[in-house]
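[1] coordinates for the following, if possible.
(one chain, ligands or ions: 1)
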Amino acid sequence: MTIKKRKAYELEIIDLAFGGRGLAKPDGLPVFIDRCIPGDVVFAKITKKKKSWAEGKLIKIIKESPLRNQGKCQYCNFCGGCKWQQIGYDLQLEYKKRHVTESMDHIGGLKDVLVKDVIPSDWIYEYRNKMEFSCSSKRWLLPWELENEEIKKDFGIGLHVPGTFDKVIDIKQCEIMPDLGNKILDDVRNFIKESDLPAYHLRTHEGFWRFLMLRHSVAFDTWMVNIVTKTKRIDVVQNLAALLAQKHPQIKSILNNITDSKSGVSTDKEEITLHGKDHIKEKLGEFVFKISANSFFQTNTRSCEKLYSKVSEYAALSGDEVVMDLYSGTGTIPIWLSGQAKMVVGIEIVKSAVIDAKQNAGLNGIENCDFLEGDIKDVLPRLKQKPDVMIIDPPRVGMHKDVVRQVLSIGPEKIVYVSCNPATLARDLEMLCPKYEIKVIQPIDMFPHTYHIESVALLLKK
Ligand SMILES: C[S@@+](CC[C@H](N)C(=O)[O-])C[C@H]1O[C@@H](n2cnc3c(N)ncnc32)[C@H](O)[C@@H]1O
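    Just a heads-up that it's a prediction; the model follows:
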């Protein structure tokens, strides 16, 4: 069969490919189709055709795979959040492990790396401690909403449908955040609907309401609500804050971040505290952390403790070492390791995260951690002291090439590399491996129902 663009075909899904998409191979040509799982027979339209591969859009499932589960979430076939709810959790873990192993092999050219079985997440629903919902003046209608004329299309608050950046599904129930979050989301939705102010329009960049960011503290069962708007209207947002605070006493922080930046990122331009504190507190192990609205914090608190325990185990510190933690965020790893090392130095680019890190060390009575602000590639060359152990936990894009070179030239005896992206982990390990031996990689699931997987790699100097 010759596969042609814009034509539709009946295809059998034989595997899951990189990025979590279903893979069919009509006449040996790999065709990638979203939202399919192995064993499905589907009708799909080819949307992209290259010499050696193609992409298709699912039109209809003709025969369901026996591996298919009923997803708990009513939006899971449409929303960009968790696309793997139809796959049983054990099978998700198998695919995630394979994803790490294959990335090492195919991207890094690293054969025979020991990749352990994935450490599962204890909670597979209500596990996320942070959700960000977008407001949009264009609501994406679900198939069963299309015929309902009472539904207005001019407002939605929720998550994006992949491929339609300006439209959102009006989410009533998100299964991966704790349930009170859904009640807060609903109160905010009703308030916005009754307000005279329009939702932000992602094409024209006009409108007022932009995002709702919710954070939950597992240890204290408290919430932060961050209302992100384009302009300042304290009179309006203060009323919303009063309503939320009165209805939900677990909310300990309500903020208004104001930003007219065109990008979809809700970074703080101006931040106003409307209720309670400008942060909430969370506990990891015995340590307490202060988290501001815009600082990075691992999104699955329970799995984060498992992740940091693995970092401790692989670092195997005796108490005499100088440890350097690259990409240190709010200082969580340095503080976690503080009792096991002589000194831990964290380097982080986001100013508010560095401020949080310093305060977090103080909050926990820790005196052997130091935090430096700046881009790692500029800060590293200025440092005089050589660390014995390096912890490296970069964002999804991985390490900058210059940073890899600097790490190779510093040459710590041991590196513990924490990664949320197997592809960039493989690329970076390949660059490090002339000088380092990869002893083991331990995947840890922080993101059930998505194809994402966290990994911790232990590297020893050759
Ligand atoms: C994956 S997070 C890890 C944070 C921390 N280790 C944790 O577990 O919470 C990556 C961090 O790297 C920071 N970052 C990104 N690029 C950076 C750079 N070029 N220099 C320094 N820090 C950077 C981000 O702000 C973020 O806090």
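
[2] in this structure, which residue sits closest to the ligand?
    Residue nearest to the ligand within the chain (C-beta to the nearest ligand atom): G329, separated by 2.8 Å. Using the backbone N, CA and C atoms, a C-beta is placed for each residue, glycine as well.

[3] which SSE is that residue in?
    Here G329 is covered by no helix or strand, with elements defined by DSSP states H and E.

[4] give me the distance between it and A357.
    7 Å (C-beta to C-beta, to the nearest Å).

[5] compare these two (neighbour count), which wins?
    A357 (30 against 24; other C-beta atoms under 10 Å).

[6] next one, pLDDT for that one please.
    On pLDDT, A357 comes in at 95.

[7] which residues does the nearest residue to it once chain neighbours are set aside contact?
    Sequence neighbours aside, G331 is the residue nearest to A357 in space, at 2.8 Å (criterion: C-beta to C-beta, 6 or more residues apart in numbering). G331 makes contact with 289, 346, 348, 353, 356-358, 360-361, 369, 371, according to C-beta atoms under 8 Å, 6 or more residues apart in numbering.

[8] could you rerun that using 7 Å?
    346, 356-357, 360-361, 369, 371 (C-beta atoms under 7 Å, 6 or more residues apart in numbering).

[9] please save the CA atoms from stretch 228-248 in CSV.
    What follows is stretch 228-248, C-alpha atoms only, in CSV (Å, rounded to 0.1, in the frame of the first residue of the first chain):
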residue,chain,number,x,y,z
VAL,A,228,-3.0,35.8,36.5
THR,A,229,-4.5,38.9,34.7
LYS,A,230,-3.3,41.1,31.9
THR,A,231,-3.9,44.4,33.7
LYS,A,232,-4.4,45.6,37.2
ARG,A,233,-8.0,45.6,38.6
ILE,A,234,-7.6,45.1,42.3
ASP,A,235,-11.3,45.9,43.0
VAL,A,236,-12.3,42.9,40.9
VAL,A,237,-9.7,40.3,41.9
GLN,A,238,-10.1,41.3,45.5
ASN,A,239,-13.8,40.3,45.4
LEU,A,240,-12.8,36.9,43.9
ALA,A,241,-10.1,36.4,46.6
ALA,A,242,-12.6,37.2,49.4
LEU,A,243,-15.1,34.7,48.0
LEU,A,244,-12.5,32.0,47.7
ALA,A,245,-11.0,32.6,51.1
GLN,A,246,-14.4,32.6,52.8
LYS,A,247,-15.5,29.4,51.0
HIS,A,248,-12.3,27.4,51.3
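
[10] now V389: how far from A341?
    Distance of V389 to A341, given as C-beta to C-beta: 8 Å.

[11] joint contacts of the two?
    In contact with both V389 and A341: 317, 321, 323, using C-beta under 7 Å, 6+ apart.

[12] ok, the first one touching K342?
    Same thing as L317. No. Counting by C-beta atoms under 7 Å, L317 does not reach K342; the two are 8.8 Å apart.

[13] hey, what's in contact with both of G329 and A357?
    By C-beta under 7 Å, 6+ apart, the residues touching both G329 and A357 are E348.

[14] ranking by neighbours, what's the top pick from the contacts of G331?
    Going by other C-beta under 10 Å, A357 tops the contacts of G331 with 30 neighbours.

[15] assign that one to helix, strand or coil.
    Here A357 is recorded as helix under DSSP: H, G, I helix; E, B strand; the rest coil.

[16] so how far is L317 from it?
    Look at A357 and L317: by C-beta to C-beta, they are 19 Å apart.

[17] try G80
    Applying C-beta to C-beta to G80 and L317 gives a distance of 40 Å.

[18] quick revisit: higher neighbour count, L317 and K342?
    More neighbours surround L317 than the other of L317 and K342, with 17 against 14 (other C-beta under 10 Å).

[19] read off the pLDDT value for the more buried one.
    98.

[20] check N360 too.
    Here, the pLDDT recorded for N360 equals 96.

[21] do the same with T267
    pLDDT for T267: 54.

[22] before I go, just wanted to say thanks for your time.
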